[in-house]
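> Mind looking at a prediction? Sequence and model below.
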Amino acid sequence: MADMKALGRYVLLVAGLSAYVNAARAAESVAAPSLLDFVAANHSRQFAAAPREVLAFYYTWYGRPENHGSWVHWGGDDPTAHATPQTTHYPARGAYESQDPALIDAHLAEAKASGLTGFIATWWGRDSYEDKAFGLLLDRAEKASFKATVYWETAPGQGHEQIDRAVSDLAYLVSHYGSRPPFLKVQGKPVIFVYGRVMGEVPTASWPAILTEARAKVGDFLLIADGYGTSNARLFDGVHEYNNCGDVAGKSPDDLRAWSARHYAAAIRLARGQGKISCVTVIPGYDDTKIRHPGLKAERQDGQTYRVLWEEAIRANPDWVLITTWNEWHEGSEIEPSWEDHDKYLRLTAEFAPRFLADKTARPPAANQAGPTTEQKRNLQRLFAGRTIGLLPDFGDAAFWLLDAGLSVKELTWADVADAGVLNPKNFPLVFHNGGESYSATGQAAGDVVPALQHYLAQGGFLVSLPRLPFPFYYDSATSQAQPVADQIGLPVRQGWEQPPAGIRLTFHAGGHLPDIPSITPFPTTGDLRWRPADSAAIRRGDSYESLVSLNDNTGHSYGDAIAYVKHLMPPLATGQTLYVWMRMPDVMGEDKLLAAVFQFAGERLPGAAK
């Protein structure tokens, strides 16, 4: 845990932000706490010494018609054929009732005997079927000296309505269940897991308001986010991954071992680099082809998939190992005894879980943490001394990197963008776009954002765009319709491909204008490969275009530029500057190296830049 002074600063900030939010709400003018301020304060929340746990995702949503009038999540039962309409495999005890105390007791006994320390139970809101079952699970878990927490599955709504609902749900969980002895805790604080659906539903910018208000209502608690992203590690108290079946599918045991060693190590470095709880996930296999078409199948390989993942999880040395799942029968990821596999996966769990829990090896923060180097910080701080970088809305990890570099940065709203008294080169000589494909065309009045950005550039402003999705400024969020305006604000980006052409070798070629960037780098072969290049044909005649990194094939044919700089010499953007970077370049070049080079390049071209 951080020292008491750091904790005190965090508590004071939370209290201050809570008071601010409450006052704003009282005045019917809600303003969320600053994301950057929240992240800075959250850095003092350190949980590097969290006790080890082995936790399985647990589903309480099954029911029988004699109890509920119809089948719940089974769709029926054919004991003779050992099958139900909605499950891949068949439970050894048949289609059961989740709210049966005897069934829960049996699950708890099996889990404890196999080395598990707790369940993460699906939760879909107050008074839901799963909420009622969770209360019963806690009652039985207390008698069994077993831990349990919830998997927060959905956060419906938008805007303030969504924030209020999320605050209400979290406050309910903590106040209603969090103080119960079996509820999973770290340093006496309740721990709640957040599923990827919630992570996708809730905008990043809403989390400071949600967490600040909920903690002000019911006291402190921990959230463990689904997704290994830098933003998640900064905002939340730990990171995990519910399902890695897409990466597991199709791999031999040897390939699986190599992948999991890399994947687990990276996940743990990410969490420990921020002092947060590190979790890695093991699965026995996966098969959802019974309920989805075409679906996905990751073979169990007669237990080898589970065995390899467990061996690499122990070797990786995380804080917690998560098992997907105890009983998600629809997706064939269960370790609960089945008609097909009997108790094989409980026996394998009993082989590995105690080994993991018995290893008390110290787990220090990760060495060689990512982030700007001392030299990179020194260079950038010199170039940007006395200057503040404006962050356009919906920014991500790259914007946080600037904060790590010690630069002055400020979040802007679309209303700020539309206000020439706020967005101008004097206040923000450079603005950074690190959002997705959506933007708001409306800040204070309909359609005022694009003219405001044009005016900013015409005054000598500098726009750097490194989008997190393929095409920046493509969808107007008010209409969700494609209304691309990148060309109107000087970004020379065009449509490319969805998948690269087959049978050719693609490499990036740097022209030597970006410091410390390798001259030749391969095009990625995995992940999102949608290519949206910069192109000199997309600029106005008379403007100056400079290719900084191009993409070529093995014959020398060019497919456009991954990084390009434009100096606008012609109206309506004359005197402005823009720099476009393809979304995958931080992965290709390495985030630290790429961002240091891009912002050094841009900083050296600001009017009056330090030499």
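Sure thing, it's come through. Residues are numbered from 1 along each chain as shown.
> Surely residue 357 is within a helix?
Yes - according to DSSP: H, G, I helix; E, B strand; the rest coil, residue 357 belongs to a helix.
> ok, it touching residue 54?
Yes - when contacts are counted by CB atoms under 8 Å, residue 357 is listed as touching residue 54 (6.4 Å). Where C-beta positions appear, they are placed from N, C-alpha and C, glycine not excepted.
> Identify the contacts common to the two.
115, 117 (CB atoms under 8 Å, 6 or more residues apart in numbering).
> who's more crowded, the two?
residue 54 (22 against 16; other CB atoms under 10 Å).
> what's the helix or strand encompassing the more buried one in contact with?
Per DSSP states H and E, residue 54 falls inside strand 53-58. Here strand 53-58 makes contact (CB under 8 Å, 6+ apart) with 107, 111, 115-122, 137, 147-149, 151, 184, 242, 319-328, 335, 349, 353, 356-357.
> Which of the residues you listed fall in strands?
118-122, 147-149, 151, 320-323 (DSSP state E).
> and these, which are buried?
118-122, 147-149, 151, 320-323 (16 or more other CB atoms under 10 Å).
> which stretches of the stretch 251-400 of the chain form helices?
Assigned by DSSP state H, counting those that start in this stretch, the helices in the stretch 251-400 of the chain fall at 253-273, 304-316, 344-358, 374-383, 397-404.
> for the stretch 451-600 of the chain, that is, sorry about that
Applying DSSP H, counting those that start in this stretch to the stretch 451-600 of the chain gives helices spanning 585-589, 591-604.
> Just list the residues touching residue 556, thanks.
Applying CB under 8 Å, 6+ apart, no residues qualify as near residue 556.
> Okay, it and residue 507: tell me how far apart.
According to CB to CB, to the nearest Å, residue 556 and residue 507 sit 10 Å apart.
> now do residue 234
33 Å.
> And the two? Which one has more around it.
Per other CB under 10 Å, whichever of residue 234 and residue 507 has more neighbours is residue 234, with 21 against 14.
> Now do the SS call for that one.
Secondary structure, three-state DSSP: residue 234 is helix.
> residues contacting it?
Shown in contact with residue 234 (CB under 8 Å, 6+ apart): 39, 42, 43, 274, 400.
> I figured the third one was touching residue 276, is that so?
In other words, residue 43. No - when contacts are counted by CB under 8 Å, residue 43 is not listed as touching residue 276 (9.9 Å).
> Which of the two has more residues huddled nearby?
Each of residue 43 and residue 276 has its neighbours counted (other CB under 10 Å); residue 276 has more, 29 against 15.
> Just give the nearest non-adjacent residue to the more buried one, would you?
residue 238 (4.8 Å; CB to CB, 6 or more residues apart in numbering).
> one step back: include mean pLDDT and distance to residue 578 when you put the helices of the stretch 251-400 of the chain into TSV, please.
Compiled in TSV, the helices of the stretch 251-400 of the chain are given as follows (pLDDT from 0 to 100; distance: least, CB to CB, whole Å):
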stretch	mean pLDDT	distance to residue 578
helix 253-273	95	32
helix 304-316	98	42
helix 344-358	98	51
helix 374-383	96	18
helix 397-404	90	16
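> These into TSV, with extra columns for distance to residue 191?
Listed next are the helices of the stretch 251-400 of the chain as TSV, based on distance: least, CB to CB, whole Å:
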stretch	distance to residue 191
helix 253-273	14
helix 304-316	19
helix 344-358	17
helix 374-383	34
helix 397-404	24
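> wait, which of these is closest to residue 598?
helix 397-404 (9.1 Å; CB to CB).
> Name the residues that touch that closest one?
So helix 397-404 is in contact with 36, 39-40, 229-231, 234, 371-372, 389, 391, 409, 432, 434, 466, 586, 591-592, 595, 599, going by CB under 8 Å, 6+ apart.
> Just the buried ones from those?
Looks like the contacts of helix 397-404 have 36, 39-40, 229-231, 234, 372, 389, 391, 409, 432, 434, 466, 586, 591-592, 595, 599 buried, using 16+ other CB under 10 Å.
> re the thing from before, list just the one of the helices of the stretch 251-400 of the chain that sits closest to residue 288.
Nearest of the helices of the stretch 251-400 of the chain (CB to CB): helix 304-316, 15.5 Å.
> That closest one vs strand 53-58, what angle?
Here the directions of helix 304-316 and strand 53-58 differ by 150 degrees (axes from the mean of the first three to the mean of the last three CA atoms, to 10 degrees).
> Buried residues, helix 304-316. List them.
For helix 304-316, the neighbour count (16+ other CB under 10 Å) marks 305, 306, 307, 308, 309, 310, 311, 312, 313, 314, 316 as buried.
> how much distance is there from it to the middle of the chain?
24 Å (CA atoms, centre = their mean, to the nearest Å).
> Which strands or helices does it pack on?
Applying 3 or more CB pairs under 8 Å, 6 or more residues apart in numbering; DSSP states H and E, one finds that helix 304-316 contacts helix 253-273, strand 277-282, strand 320-323, helix 344-358.
> average pLDDT for stretch 130-140?
On average, the pLDDT along stretch 130-140 is 97.
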